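Compute the structure for the input listed below.
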Amino acid sequence: MEPDKREGRGSSTDRHVGAQLRLVRKLRGYGLDRLSTETGVACRLLEEYEAGTVGIPACNLHRIGQVLGVGPEAFFAGLDGGVACEPPMYTLEEALLLHRFRLADEAAKKSALRFLLLNAQDAEAA
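Alright, predicted model coming up:
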């Protein structure tokens, strides 16, 4: 494994993890202030994490993932080489879809499943 090339203060891995953090945060509808309040991590530090200028300590990455409803591996999804971790079981989008599905009431779940099944049948027929 090649050493991480540094540009400025953060490594390419830090920038990737930070970009994933920003993506997950926005997909979950969290602002920086809310995430800061719920994790106890200072807003300015979250900004630095997202910019990739500083690495995220494991304890903070874990806490942020818990609040956002994803495992720490979601922040490494799509990283090219260099990180020794198992690929995520689901893509980030699949994990968020599953999370929202689990939160839905039974009527909404049935409606969503009907929609998916009908569209799958239409796609197979085409």
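
Quick check: the gap between residue 95 and residue 59.
21 Å (CB to CB, to the nearest Å). The C-beta positions use only the backbone N, C-alpha and C, and glycine is treated the same way.

ok, and what's touching the helix or strand that contains residue 100?
Of the helices and strands defined by DSSP states H and E, residue 100 is found in helix 92-103. The contact list for helix 92-103 (CB atoms under 8 Å, 6 or more residues apart in numbering) reads 20, 23-24, 27-28, 69-70, 74, 77, 88, 90, 109, 112.

Just the buried ones from those residues, in ChimeraX syntax?
Buried subset of the contacts of helix 92-103, written as a ChimeraX selection, criterion 16 or more other CB atoms under 10 Å:
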select :20,23,24,28,69,70,74,77,88,90
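
confidence score at residue 93?
Residue 93 carries a pLDDT score of 76 in this model.

buried stuff in stretch 32-49?
Along stretch 32-49, the positions that meet the burial threshold by neighbour count (16+ other CB under 10 Å) are 32, 35-36, 39, 41, 46, 48-49.

okay, how far is it across it, tip to tip?
Using CA to CA, to the nearest Å, the gap from the first to the last residue of stretch 32-49 comes to 11 Å.

can you give me the mean pLDDT across it?
Per-residue confidence for stretch 32-49 averages out to 96 on the pLDDT scale.

contacting residues around that stretch?
Residues from elsewhere that reach stretch 32-49 (CB under 8 Å, 6+ apart): 17-18, 21, 25, 30, 54, 56, 60, 63-64, 67-68.
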